[in-house]
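K.L.:
Return atomic coordinates for the entry below.
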Amino acid sequence: MKKAILLLSFLFATSIVAQAQWTTSGTVTSTSNSVGIGVANTTAQLSLGPSAINKKLFIYDTGTEASGLGQGNSEFRIFGVSSGINHISFGKYLLTADSFTEQMRIDNVGNVGIGTTAPQTKLDVAGGITASSESHYYLGSYVDPVVGIGFAVKIGANGIAVNGNSVFNDGLSIGTQIMPSGYKLAVNGSAIATSVTVKLYSQWPDYVFKPNYQLPSLAEVKSYIDRNQHLPEIPSAEQVEKNGLNLGEMNKLLVKKVEELTLYLIEKDQNETKQTKTIEALELGLKRQQQQVDELKAQIKSLKH
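P.N.:
Residues are numbered from 1 along each chain as shown. As a prediction, this is how the structure comes out:
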């Protein structure tokens, strides 16, 4: 009977001690409120070592529900924010300072905020967004980089798609799903700009004013126009309708024609100046001849009397 009583007393005492703490080979520690693995002293309901300040998993409750995963002094935590209902907060917890910095939040209506605790839209970013040359950033649905179905913004090797249209081959198409071969920008519609600069790869036609330039005669130009119904070097209406108009090349050709026209006008002015001088000389000769005729008439009249 005494042995039975002693055995029951031992078991009772053991159960009391077990409720307080349980240690196995110094690697697992259990108390009534926390469990530690690889640590001698637990700092949360579940702590993992090798030390209390270098944890791999940290789940605790200090008035704000939280769970997280981290390493070293900085801890990553997911919070149920006490100031709101059903909010989730992401951030960084510095154990040595016992401070938490919230960096991202998902609120109770599904809005995501980065750098803000009060997101107003589905994605609210307080700050800039940077992507590397190989990164891709999408908004909305993006099905195929060639077909371009849906609205998408894609940053990376394939460029940018706008208003549901595609971007590929380092080109940009606006208002159209067709990207003409050999072009970087395709716009189906009107465009307005306060300034446009076109850099030409060909020679600007100042050579027209050089002394060795062979200016076509007006007779040659007229003959060409009679045969083709457009100026030499200028594309025809059929060519423009089929291929469009190269603004840089066309401006170069227009300047060339203006310069040629200037030379024609200079030549015409020189000819007119010569003609004017010739006419003035003829008029002066006629005037002198008239004076001589008048003098002869006067002499003849005086002889008769």
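K.L.:
what pLDDT, on average, does whichever helix or strand Asp226 is part of get?
P.N.:
Of the helices and strands defined by DSSP states H and E, Asp226 is found in helix 218-228. Averaged across helix 218-228, the pLDDT comes to 96.
K.L.:
now swap in stretch 102-116 and tell me
P.N.:
pLDDT averaged over stretch 102-116 gives 88.
K.L.:
swap in stretch 278-295?
P.N.:
In the prediction, stretch 278-295 has an average pLDDT of 92.
K.L.:
Show residues contacting that stretch.
P.N.:
Stretch 278-295 has contacts (CB atoms under 8 Å, 6 or more residues apart in numbering) with no other residue. For the C-beta atoms, the positions are set from N, CA and C on the backbone; glycine is no exception.
K.L.:
Am I right that Gly248 is in contact with Val196?
P.N.:
No. Gly248 lies out of contact with Val196 (CB atoms under 8 Å); the separation is 10.0 Å.
K.L.:
These two: which is more packed in?
P.N.:
Gly248 (14 against 7; other CB atoms under 10 Å).
K.L.:
Checking that one next. Helix, strand or coil?
P.N.:
helix (DSSP: H, G, I helix; E, B strand; the rest coil).
K.L.:
show me the contacts for the nearest residue to it once chain neighbours are set aside.
P.N.:
Sequence neighbours aside, Val198 is the residue nearest to Gly248 in space, at 3.9 Å (criterion: CB to CB, 6 or more residues apart in numbering). Residues near Val198 by CB under 8 Å, 6+ apart: Leu247, Gly248, Asn251.
K.L.:
could you dump those to CSV with distance to Gly171 and pLDDT?
P.N.:
Shown next, in CSV, are these (distance: CB to CB, whole Å; pLDDT from 0 to 100):
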residue, distance to Gly171, pLDDT
Leu247, 18, 87
Gly248, 18, 88
Asn251, 23, 92
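K.L.:
how about those residues in JSON lines, adding distance to Val240?
P.N.:
Listed next are these as JSON lines, based on distance: CB to CB, whole Å:
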{"residue": "Leu247", "distance to Val240": "12"}
{"residue": "Gly248", "distance to Val240": "15"}
{"residue": "Asn251", "distance to Val240": "14"}
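K.L.:
what's Lys122 sitting at in phi/psi?
P.N.:
In terms of degrees, to the nearest 10, the main-chain angles of Lys122 are phi -60, psi -30.
K.L.:
what about the residue nearest to Gly248, helix or strand, and which?
P.N.:
Going by DSSP H and E, Val198 is not in any helix or strand.
K.L.:
Read off the pLDDT value for it.
P.N.:
Confidence score, pLDDT, at Val198: 82.
K.L.:
got the buried residues for stretch 197-211?
P.N.:
Pro205 (16 or more other CB atoms under 10 Å).
K.L.:
Tell me how many other residues crowd Tyr224.
P.N.:
Around Tyr224 there are 15 other residues, counting by other CB under 10 Å.
K.L.:
Nearest residue to it in space, please, no chain neighbours.
P.N.:
Using CB to CB, 6+ apart, the nearest residue to Tyr224 is Pro232, at 5.0 Å.
K.L.:
Which helix or strand contains the one you found?
P.N.:
Going by DSSP H and E, Pro232 is not part of any helix or strand.
K.L.:
Who are the contact partners of it?
P.N.:
Pro216, Val221, Tyr224.
K.L.:
Would you format those as a markdown table with distance to Ser181 included?
P.N.:
Formatted as a markdown table, the contacts of Pro232 follow (distance: CB to CB, whole Å):
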| residue | distance to Ser181 |
| --- | --- |
| Pro216 | 35 |
| Val221 | 36 |
| Tyr224 | 32 |
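K.L.:
Out of those, flag the one nearest to Val112.
P.N.:
Proximity of these to Val112 (CB to CB) peaks at Tyr224, which lies at 67.7 Å.
K.L.:
roughly how far apart are the closest one and Asn212?
P.N.:
Separation of Tyr224 from Asn212 (CB to CB, to the nearest Å): 22 Å.
K.L.:
that older thread, following the helix holding Asp226, which helix or strand comes up?
P.N.:
By DSSP H and E, the next helix or strand past helix 218-228 is helix 237-243.
K.L.:
Which residues does that following helix contact?
P.N.:
His230, Pro235.
K.L.:
Now that helix: average pLDDT?
P.N.:
For helix 237-243, the per-residue pLDDT averages 92.
K.L.:
Domain parsing of the protein, as residue ranges.
P.N.:
2-125, 130-192, 224-304 (automatic domain parsing).
K.L.:
Verify the contact between Asn228 and Lys222 for me.
P.N.:
No. Applying CB under 8 Å, one finds Asn228 not in contact with Lys222, separated by 11.4 Å.
K.L.:
neighbours around Thr42, how many?
P.N.:
Using other CB under 10 Å: Thr42 sits among 20 other residues.
K.L.:
what about it, is that helix, strand or coil?
P.N.:
Classified using three-state DSSP, Thr42 is coil.
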